[in-house]
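K.L.:
structure for this input, please:
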Amino acid sequence: MSAAKKRKRPSPSQPGSAQALPPLPVRFAQVALLALAVAFPLVGGKLADWQTGLVGLATVAIALAVLVGRWGMARCCRLAPEDWAWIALLGLMALAVPGAVYLHAALLAVLQLLIYALSFWLARSLFREERWRQALVVALVAAGALIGVLGLREYLLTVRSSGHLSWRIFATFFNPNLVAGYLLVALPPGVVLLMRYWRRQQGDSLLSRPLSAAAVVLMLAALPLTGSKGGALGTLAAALVFGWTVAPAGSPLGRRLRRWTLALVAAGMALSLAFPPLRARLVAAFTTQSNSTAFRYYTWRGMVDMIADRPLRGFGPGSFEWAYPPYARAGFTRLGHQSYLQVATEGGLPALAAFLALWALLLQRLHRRLRASPTAGDRLLPAAALSALAGFLVHNFVDYSWYSVAVTASLLLLIGASVAQDEPPPGVAPPSRTLRGLRMAVVAGLAAIGGVLAAFYLPAQYAAAIARQELAVGRPAAAVWRAEQAVRRDPLDADNWELRATAREAEALAQRRYPAGLEAAIADRREAARLRPGDAPNWRRLALLYGEMRDPHAGLEPIARALAHNPNYVLGWAAQARLAEQAGDLALATASWQRLADLYDTPVRKYAALELPDPTYLYAWDYLARRAEQAKDGRSALDYRRKMAPLLEQVLTLPPWEAALLQSTSLLSPGERRQFALMAEQTALRLRAWGGPEDAALAERLEQAAKAKVALPEGDSAPDT
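P.N.:
Here you go, the predicted model:
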């Protein structure tokens, strides 16, 4: 027998063998992480609390599988400089939790940070082998192609039903800007996959090239339909970085790719103008009518004021929505449209420093990976990760995709896989006592987080979802029971208390105990206000409950709390005016309607997150016009009627999808446009009686709009915005 045959072959189970198989929990973790990469846009794009909890549970379970599967090894993954940045960011945000304006949101925000850190660590730890890295690329591209299909289908159906060519696609996301953010992450891996299969190799399927090409085309077609200017800037940055890094500098291939990149970028910019959603917004960006640009400017000024007030500790992670209203200079927004400033408002300037350090270290790590890759084939994946990261960082200067689990976790999976081959394999020597203790503490902490999510948080979210469904089908008693389950499982969530209050209101109405049976609903809203004192809409609903109980004086206290926190709250000023009228305080009612009318000419109305008319101002002008008529002040009455006419015409001629969107944001109720039609007829009469020829023309248009009014679809809902 030859010496080669006598040499002992490595056992398939031997740790150092090329044929060695990882332990079963680790193999489960690899497959589960790939499945999660595909599922991210489906279960992480709406910014919903249940999505964060579900993704958190899945990520924690995968991490536990890795730790348990590699328990006897000296290391699972070494701590790199970027890991210390993660630890610093997590620690600083955790320290800000006790001072947060809303504790429940702060805990969820820390969980979201943990998901991001675990996603990066898991990809780095599990995808050392080339086949797993390729599998991750395929998973991300498949998910991106799915979003492209859903977005294109949505656009075509919308255009077909309404003719609205400038519709911006939502797909499975909270906002079109987040669709663009996700495609910025999924598109570079798609290009890598296409380049990988362009020259067919042995073992490649015949369908590999057409499928990868179709995925790239779908994503490229969907991206401009988001109408995202930040997405356009991010795409430009990602394309330039990819073209400059995918081939070694100075090589003939590198020079050719850079020329092609410039040509393709120029062609893409010209071609994107053929898509109405993006063309309309790009053209508007360079005019005085750019709502979104001015809205961001005023929002960022308010955020700078927030940072100046709490530069070191911030307002707490996840608390921006509830802390921002006192500083607002424009319309309401849930997120700041600038992730860097928002991190500073929530965690303070130290957290911002850790945030920036993290991205700088990740850029440095990817740059090192590129320098260690001599051939174009080896550079494909790190070049894709670097370009996706560049697009992400640019996009977050004007948007907030950092706060979308689907976007950021997918990006970190891509970056982690790109640098995974730099990681040393897990050690085979028994770990030290210190390492065993540290690992045990991490496992215990992750297990505790997973247990809380599985036993309390997610069941509460499920019960709340069933309660909303019961309300929608007209079963308030069942909704109350389900909402009580949600409150018992998760009493820190103010949404559960508000949901139970809404269900109890509906139950009192169904049982003919309305309004006498509203005491329990009032108590629930009081508890929700205690948990989340910055929730002005809840204070308003509490005030209206007192009004329903014929106790408007008691309702003036909560509505004053709402307006003290949010002095630009349009619906709040209208509620205070109506309660004051009900209480007989005409001076307060007049002052409230006047304050509401004054807001119309401020950035609060001019630059709102939704470019839609707000009909609430009509009530203020109508009240003030009637008061002026009673005081024989014809000039003032005519001025108010002239202000009413254009807005009345706009509201009465809204297309169905815009009317449904206003209804979903509580700015318009199903039967309210009939009331506006009567208001239009009265306004037209006054304009004809007191005005000149131009007023008569206004009156004629108003009468036509009142006659041609379109009934608001009952029960319609608009996409989340």
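
K.L.:
okay, now the unreliable bits of this protein?
P.N.:
Confidence mapping of the chain against pLDDT under 70 gives the ranges 1-22, 72-77, 199-207, 248-255, 267-290, 374-377, 426-431, 708-721.

K.L.:
how is it partitioned into domains?
P.N.:
For the chain, automatic domain parsing gives the domain ranges 24-425, 459-532, 627-721.

K.L.:
would a markdown table of these with distance to Glu581 and mean neighbour count be doable?
P.N.:
C-beta coordinates here come from the backbone N, C-alpha and C atoms, glycine included. Compiled in a markdown table, these are given as follows (distance: least, Cβ to Cβ, whole Å; neighbours: other Cβ atoms under 10 Å):
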| stretch | distance to Glu581 | mean neighbour count |
| --- | --- | --- |
| domain 24-425 | 25 | 20 |
| domain 459-532 | 18 | 19 |
| domain 627-721 | 11 | 17 |
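
K.L.:
among these, which comes closest to Leu446?
P.N.:
Checking the domains of the chain against Leu446 by Cβ to Cβ gives domain 24-425 as the closest, at 5.0 Å.

K.L.:
got the contact list for stretch 582-595?
P.N.:
Residues lying outside stretch 582-595 but in contact with it, judged by Cβ atoms under 8 Å, 6 or more residues apart in numbering, are 547, 552-553, 556, 573-574, 576-578, 580-581, 619-620, 623-624, 627.

K.L.:
distance from the chain centre to that stretch, please.
P.N.:
In terms of Cα atoms, centre = their mean, to the nearest Å, the gap separating the centre of stretch 582-595 from the centre of its chain is 37 Å.

K.L.:
on that earlier part again, JSON lines for the domains of the chain, including distance to Leu599?
P.N.:
Formatted as JSON lines, the domains of the chain follow (distance: least, Cβ to Cβ, whole Å):
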{"stretch": "domain 24-425", "distance to Leu599": "10"}
{"stretch": "domain 459-532", "distance to Leu599": "24"}
{"stretch": "domain 627-721", "distance to Leu599": "13"}
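
K.L.:
Leu453 is nearest to which of those?
P.N.:
Using Cβ to Cβ as the criterion, the shortest distance between Leu453 and the domains of the chain is 4.5 Å, found for domain 24-425.

K.L.:
what's the end-to-end length of that closest one?
P.N.:
Start to finish, the residues bounding domain 24-425 are 17 Å apart (Cα to Cα, to the nearest Å).

K.L.:
these two touch, right, Ser119 and Val407?
P.N.:
No. Assessed by Cβ atoms under 8 Å, Ser119 is found out of contact with Val407, at 11.5 Å.

K.L.:
thought Leu312 was touching Gly348?
P.N.:
Yes. With the criterion set as Cβ under 8 Å, Leu312 and Gly348 qualify as a contacting pair; they are 4.7 Å apart.

K.L.:
nearest to Asn568, of the domains of the chain?
P.N.:
Of all the domains of the chain, the one in closest proximity to Asn568, counting by Cβ to Cβ, is domain 24-425 (5.5 Å).

K.L.:
how close does Ala659 get to Ala263?
P.N.:
Ala659 sits 45 Å away from Ala263, taking Cβ to Cβ, to the nearest Å as the criterion.

K.L.:
again, but for Thr408
P.N.:
32 Å.

K.L.:
what do you get for Pro646?
P.N.:
Taking Cβ to Cβ, one finds Pro646 at 47 Å from Ala263.

K.L.:
please apply the same query to Phe242.
P.N.:
14 Å.

K.L.:
one more: Trp359?
P.N.:
For Trp359, the distance to Ala263 under the criterion Cβ to Cβ works out to 30 Å.

K.L.:
Thr52 now?
P.N.:
Thr52 sits 42 Å away from Ala263, going by Cβ to Cβ.

K.L.:
with Leu146 instead?
P.N.:
Leu146 sits 30 Å away from Ala263, going by Cβ to Cβ.

K.L.:
how about Glu346?
P.N.:
Look at Glu346 and Ala263: by Cβ to Cβ, they are 42 Å apart.

K.L.:
those strands in this structure, which residues are they?
P.N.:
When assigned using DSSP state E, the chain turns out to have no strands.

K.L.:
which residue is nearest the middle of it?
P.N.:
When the chain is reduced to its mean C-alpha position, the nearest residue by Cα atoms, centre = their mean turns out to be Leu47, at 4.5 Å.

K.L.:
ok, Met644 - contacts?
P.N.:
Applying Cβ under 8 Å, 6+ apart, one finds that Met644 lies in contact with 618, 621-622, 625, 679, 683.

K.L.:
look up the closest residue to it, ignoring the ones flanking it.
P.N.:
The spatial neighbour of Met644 that comes closest, neighbours along the chain excluded (Cβ to Cβ, 6 or more residues apart in numbering), is Trp621 at 4.8 Å.

K.L.:
alright, I will stop here.
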